[in-house]
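Novice: Whatever this is, show me its structure:
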Amino acid sequence: MQRISMAACLAVLVALAATTAEAQDAAAGRQKAQMCAVCHGLDGIGRNPDVPNLAGDNAIYLRAQLHAFKSGERRHEQMSIIAQGLSEEDIADLTAWYSSLKITVEMPE
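Specialist: Numbers count the residues shown, from 1 in each chain. Take a look at the predicted model:
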């Protein structure tokens, strides 16, 4: 019974991811990210120590955070105000842009 539930959940997640991917436009997100660049950089690398990097983050995570700021579930002096002005299309495009950025990691020797 538990395997069926897990399989059903996986099927729903795959369907949601496919639907969301169709609605996203990374090129439009790049243009919209100009307003984010002051803090997060167009490249998704935070410009100050207290600003998170967004480059390469999972689109589902980024979308959830923007919705949390927009709804008031999560609060930040600037992000709460900025998120209020974002449409669902803006959120989809921005998450497409920042999640599409590739990051690399170098292990210390």
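Novice: buried sites along stretch 64-83?
Specialist: Residues of stretch 64-83 classed as buried by neighbour count (16 or more other Cβ atoms under 10 Å): 65-66, 68-70, 79, 83. No exception for glycine: its C-beta is placed from N, CA and C like everyone else's.
Novice: Where does residue 68 sit: helix, strand or coil?
Specialist: Here residue 68 is helix, with the state taken from DSSP: H, G, I helix; E, B strand; the rest coil.
Novice: show me the contacts for it.
Specialist: residue 74 (Cβ atoms under 8 Å, 6 or more residues apart in numbering).
Novice: Least confident secondary structure element in this protein?
Specialist: Ranked by mean pLDDT, DSSP states H and E, the weakest helix or strand in the chain is helix 2-23, scoring a mean of 49.
Novice: how far does the following helix or strand past that one sit from the chain's center?
Specialist: Next along the chain after helix 2-23, taking DSSP states H and E as the criterion, comes helix 26-32. Taking Cα atoms, centre = their mean, to the nearest Å, one finds helix 26-32 lying 12 Å from the centre of the chain it belongs to.
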